[in-house]
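> I would like to see how this sequence folds:
(2 chains)
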Amino acid sequence: MTGQMNRKELLNHINQVSFAVDEVKLYLDTHPCDQEALVYFHEYSRKRNEALNEYARAYGPLTIDTASESCTERWNWINEPWPWQEGGC
Amino acid sequence: MWNYEKRLQYPIKISQTNPKIAQIIISQFGGPDGELAASMRYLSQRYTMPYKEVTGTLTDIGTEELAHMEMICAIVYQLTKDLTPEEIERSGFAPYYVDHTLALWPQAASGMPWTATVFQSKGDPITDLHEDMAAEQKARTTYDNILRLVKDPEVCEPIRFLREREIVHYQRFGESLRIVQDKLDSRNFYALNPEFDNPCGCQNG
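Next up is the predicted model:
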């Protein structure tokens, strides 16, 4: 599904699924026995990790753990714009 | 331990600079009800918190507040990018500029520097959670005040997102307070302070 996305769309997708993870994470902290929320967490956590790996391979890493997915010949972590800069988000 | 993620929690792209409004919004970086104080409050309180649900909530909300601090800084940065000396003079930005040029520095809109005196880490879960709920409401009011002054939709949208997060955090801290009270003596919540009088057994309680 994320295969046809351009860079902006993929980053937008990462922001959306990451927000779902952020939100359900806080909910689960105070409702740790909610099975439905736990299923939701696993689904969106998987989508987030897949999209972060895909983004790293195509455009450069957003997290240090996906840095090895991206080009290994040079240190890509500093090359892509920082999120407050033009083109960063 | 923390790891950096190279994106904002909610995207910010502001095309029109506005140093006047930047001086207002900077209060949510270093002001009394700002994101830096919020993060430091929760991340300081969590060490002695005896209930794992609440320790998790303080850790995760304290972490999210750092991402909110970054969003506020990105807004201020983009609102003040490439200003000319004439624009700085005209907009009233000169008193900030003379000390910090166009860099980010944690201060309130009044110019008061960021200080830990705006929050407490009291070592009593009922006291701290009431403070945390009040803090989320104070930040929500500040965002409401900002939204009455800001007209640019590129600035309003991320501010509205941040405002909504205050409401969600307030809800989670309310649930945290209920969890704490469920574990205490219902006839007298104040019979003991579980962060001090009963250091053992609370985590399982």
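
> measure the residue lying farthest from the centre of chain A to residue B:53 for me?
In chain A, the residue that sits farthest from the middle, by C-alpha atoms, centre = their mean, is residue A:33; the gap is 25.7 Å. In this view, residue A:33 and residue B:53 are 11 Å apart by C-beta to C-beta, to the nearest Å. (C-beta placed from N, C-alpha, C; glycine too.)

> on that earlier part again, so which helix or strand takes in the residue farthest from the centre of chain A?
For residue A:33, there is no enclosing helix or strand under DSSP states H and E.

> which residues of chain B lie near chain A?
Within chain B, the residues that sit near chain A (C-beta under 8 Å from any C-beta of the partner chain) are B:3-13, B:53, B:56-57, B:60-61, B:64, B:70, B:73-74, B:77-78, B:168-169, B:172, B:175-176, B:179.

> out of those, which are buried?
B:5-12, B:53, B:56-57, B:60-61, B:64, B:70, B:73-74, B:77-78, B:168-169, B:172, B:175-176, B:179 (16 or more other C-beta atoms under 10 Å in any protein chain shown).

> if I pick the most centrally placed residue in chain B, what's in contact with it?
Geometric centre of chain B, nearest residue: residue B:35, 2.4 Å, by C-alpha atoms, centre = their mean. Shown in contact with residue B:35 (C-beta atoms under 8 Å, 6 or more residues apart in numbering or on different chains): B:28, B:29, B:65, B:66, B:68, B:69, B:71, B:72, B:139, B:162.

> now the residues you listed in TSV, please, with extra columns for secondary structure.
Formatted as TSV, the contacts of residue B:35 follow (DSSP: H, G, I helix; E, B strand; the rest coil):
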residue	secondary structure
B:28	helix
B:29	helix
B:65	helix
B:66	helix
B:68	helix
B:69	helix
B:71	helix
B:72	helix
B:139	helix
B:162	helix
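
> how close does the closest residue to residue B:20 other than its chain neighbours get to residue B:58?
Leaving aside its sequence neighbours, residue B:20 sits nearest to residue B:91 (C-beta to C-beta, 6 or more residues apart in numbering or on different chains; 4.8 Å). Look at residue B:91 and residue B:58: by C-beta to C-beta, they are 39 Å apart.

> okay, these two: which has more neighbours?
Neighbour count, other C-beta atoms under 10 Å in any protein chain shown: between residue B:91 and residue B:58, residue B:58 has more, with 25 against 18.

> burial of the closest residue to residue B:26 other than its chain neighbours, as a residue count?
Spatial nearest neighbour of residue B:26, chain neighbours left out: residue B:76 (5.2 Å); criterion: C-beta to C-beta, 6+ apart. Look at residue B:76: counted by other C-beta under 10 Å, it has 25 neighbours.

> before we move on, what about residue B:22?
For residue B:22, using other C-beta under 10 Å, the count is 24.

> please name the nearest non-neighbouring residue to it.
Computed as C-beta to C-beta, 6+ apart, the closest residue to residue B:22 that is not its neighbour in sequence is residue B:79, at 3.8 Å.

> quick check: the one you found vs residue B:143, distance?
Per C-beta to C-beta, residue B:79 is found 16 Å from residue B:143.

> so for these two, which residue has more residues nearby?
More neighbours surround residue B:79 than the other of residue B:79 and residue B:143, with 24 against 21 (other C-beta under 10 Å).

> pull the contacting residues for residue B:155.
Residue B:155 neighbours (C-beta under 8 Å, 6+ apart): B:14, B:18, B:21, B:25, B:75, B:79.

> contact partners for the last one?
Right, the one you point to is residue B:79. B:14, B:17, B:18, B:19, B:21, B:22, B:25, B:155.

> now the fourth one
Counting by C-beta under 8 Å, 6+ apart, residue B:25 touches B:72, B:75, B:76, B:79, B:146, B:150, B:155, B:159.

> pick the one among those residues closest to residue B:120.
Of all the contacts of residue B:25, residue B:120 sits closest to residue B:72, with 22.2 Å by C-beta to C-beta.

> list the contacts for the closest one?
Taking C-beta under 8 Å, 6+ apart, we find residue B:72 in contact with B:25, B:26, B:28, B:29, B:34, B:35, B:162.

> pLDDT for those residues - can I get that in TSV?
Putting the contacts of residue B:72 into TSV (pLDDT from 0 to 100) gives the following:
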residue	pLDDT
B:25	98
B:26	98
B:28	98
B:29	98
B:34	98
B:35	98
B:162	98
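
> show me the two of those that sit farthest apart.
Using C-beta to C-beta, these span at most 13.8 Å, a distance reached by B:26 and B:162.

> neighbour count for these two, which is higher?
Counted by other C-beta under 10 Å, residue B:26 and residue B:162 do not tie: residue B:26 has more neighbours, with 25 against 21.
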